[in-house]
Structure formats: structure tokens, C-alpha cells
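S.K.: Here you go, sequence then predicted model.
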Amino acid sequence: MILLYLLVLAVVVGYLRGGRLNGYLKKPLKGIFLPVAGFLIESCFTWLPHILPAPPLHWLWMVVVAEYLCLFTFLFINRDERVFWLVALGTAANFAAMAANQMRMPVSPVILEFSSLSRFVERVRNGELIEYVLVGWGAPLWWLGDCIPIPWIVPGVASAGDFLMGTGLFLWVQGMMLRKQ
């Protein structure tokens, strides 16, 4: 969700700097359907547990791998966009954190200190958000997981990878909107 907010902010800042979205037409991205497919795959986490007979830990890895395969393929075919290397680094960090925690994004204990995040914690504990797992300080790569509370937005949590991806996307939008007409 933080990526969506950063994209909106990037467009607003781009307009304030005199840019225009038609700069995209000068050099459109290849395979734009791939991140859309990745987002759609991720959105199925809410209904898949209701239709698949096996527990999520038996099939979750396949869904997460499919999602990240879409993202990495998109980034690879657009590797000439230099700022996408930041997006790729953030994507790799998120994938590594998940791979080390049964393909679920680790959520650090720091979020327990924020009352505004109590509903999120409750949903993770109840198994409503199967793509997350509450972890302790000894969990593998917990520091690459969702360990940055952002209680003023949504409220929610983010990872270092989310911020790397967001920074890369923000910079890409700025460059795209400010291309010479």
C-alpha cells in the first residue's frame, strides 16, 4: 500500500515540477502487464484459503514465487531504466525475507508497541493475513521484513525493501514526467 501512496506523491510532485504524464509515451515500459499480474496474484491471498483444501503453508510458496517471478521478469526486461535497480534491490530484499520465513513476510515485535496497529496484529494472529507471520527477534532476516511501523498511513507496516522500491518508483516517475517534450 505504501507503494501506491508513493506513486501518487510522485505524480503530484512531478506536476508541481512542471512535468506531465505524457512523458511516459516517449519511452513506455515493456511488459507492464507483469506487475499488474503480480498485484492480482497477491490479491488472491484473501480468497484462496477458502477454496483450496490444503493449509496455506502447503501452497503459499507457489503463489508467492509466481508473484515475484512476474515482478522480477518485469524488472529484468526494463533493466535499462537505471532507477529500477533500486526497485529490484527492494524486491529482492522482500523476497529474501519471505523465503527465510516460509514464504510469509515477517513482522517484527516492534509493531506490538503501536495501538493503531493492533487490528493488523490481530488479523495476522488469527490467520486472516496468511502472507504475514509475527516473528521474534531471533527469526531469520526479520530486519528485512515489515519492521518499520507507519501508523499514520492506513495504519500499516513497511519493510526496507518497500522503501527501496518506493524510492526507485518515485525517481522513475520524476524522470518520466520531466522528459523533454
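M.R.: Structure's in. What do you need?
S.K.: what residues are up against the residue nearest the centre of the chain?
M.R.: Central residue of the chain (Cα atoms, centre = their mean): residue 162, 5.4 Å from the mean position. Neighbour list for residue 162: 2-3, 90, 94, 146, 148 [criterion: Cβ atoms under 8 Å, 6 or more residues apart in numbering]. Just so you know, the C-beta spots here come from the backbone N, C-alpha and C atoms, and that holds for glycine as well.
S.K.: and residue 89, what pLDDT?
M.R.: Confidence at residue 89, expressed as pLDDT, is 98.
S.K.: and what of residue 113?
M.R.: pLDDT for residue 113: 86.
S.K.: Let me know how buried it is, in neighbour terms.
M.R.: Neighbourhood size, residue 113 [other Cβ atoms under 10 Å]: 9.
S.K.: show me what contacts the nearest residue to residue 23 once chain neighbours are set aside?
M.R.: Excluding the flanking residues, the one nearest residue 23 by Cβ to Cβ, 6 or more residues apart in numbering is residue 179, at 3.9 Å. Counting by Cβ under 8 Å, 6+ apart, residue 179 touches 23, 26-27.
S.K.: before we move on, the earlier item: is the residue nearest to the centre of the chain in a helix, a strand, or coil?
M.R.: Three-state assignment for residue 162 (DSSP: H, G, I helix; E, B strand; the rest coil): helix.
S.K.: Which positions in stretch 87-100 come out as buried?
M.R.: Buried positions in stretch 87-100, judged by neighbour count with 16 or more other Cβ atoms under 10 Å: 87-95, 97-100.
S.K.: How about the secondary structure of the residue nearest to residue 23?
M.R.: coil.
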